[in-house]
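Visitor: no sequence for this one, just the structure:
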């Protein structure tokens, strides 16, 4: 058992939401904390993904000879979404990040 003190405005919002869901404040807090814990376990490995997805990579940051791409000062391996060779005059969009491998897609001109 734990006692938690909420600022009055937070407590009022919590009370309103719990009432709207027809559950107790305690159940609302427990469910919220459980969801937060689940999300943090699921997303802890995707923090980097959230920071780099949908970034545009300039052609001069893609090194086809080494298979590396420079993003936010960090070198990553890359795959192209269409499995084609890198076009040296084309910018690419980061569409996926798995570990230290990014999937990039050419941006149509």
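Guide: Arrived safely, thanks for sending. Just so it is clear, the structure is predicted and the values come from calculations on it, not from any experiment. Numbering: from 1, shown residues only.
Visitor: Tell me the secondary structure at residue 30.
Guide: Recorded secondary structure, residue 30: helix (DSSP: H, G, I helix; E, B strand; the rest coil).
Visitor: Number of residues surrounding it?
Guide: By the measure other Cβ atoms under 10 Å, the count of residues near residue 30 is 12. No exception for glycine: its C-beta is placed from N, CA and C like everyone else's.
Visitor: That one and residue 80: what is the separation?
Guide: 46 Å (Cβ to Cβ, to the nearest Å).
Visitor: so the spatially most central residue of the chain, which of the three states?
Guide: By Cα atoms, centre = their mean, the chain has its centre lying nearest to residue 50, at 2.4 Å. Three-state call for residue 50 (three-state DSSP): helix.
Visitor: hey, where'd the strands end up in this structure?
Guide: 56-57, 62-63, 68-71, 74-80, 92-98, 101-106 (DSSP state E).
Visitor: could you give the angle of the last one to strand 92-98?
Guide: Looking back up the chat, that one is strand 101-106. Per axes from the mean of the first three to the mean of the last three Cα atoms, to 10 degrees, the angle that strand 101-106 makes with strand 92-98 is 150 degrees.
Visitor: Can you name every helix or strand that strand 101-106 contacts?
Guide: strand 68-71, strand 74-80, strand 92-98 (3 or more Cβ pairs under 8 Å, 6 or more residues apart in numbering; DSSP states H and E).
Visitor: who wins for proximity to residue 15 among those?
Guide: Nearest to residue 15 among these is strand 92-98 (40.0 Å), distances taken as Cβ to Cβ.
Visitor: between that closest one and strand 74-80, how many degrees?
Guide: Going by the same axes, to 10 degrees, strand 92-98 makes 100 degrees with strand 74-80.
Visitor: Can you tell me how far residue 102 is from residue 60?
Guide: Distance from residue 102 to residue 60, counting by Cβ to Cβ: 16 Å.
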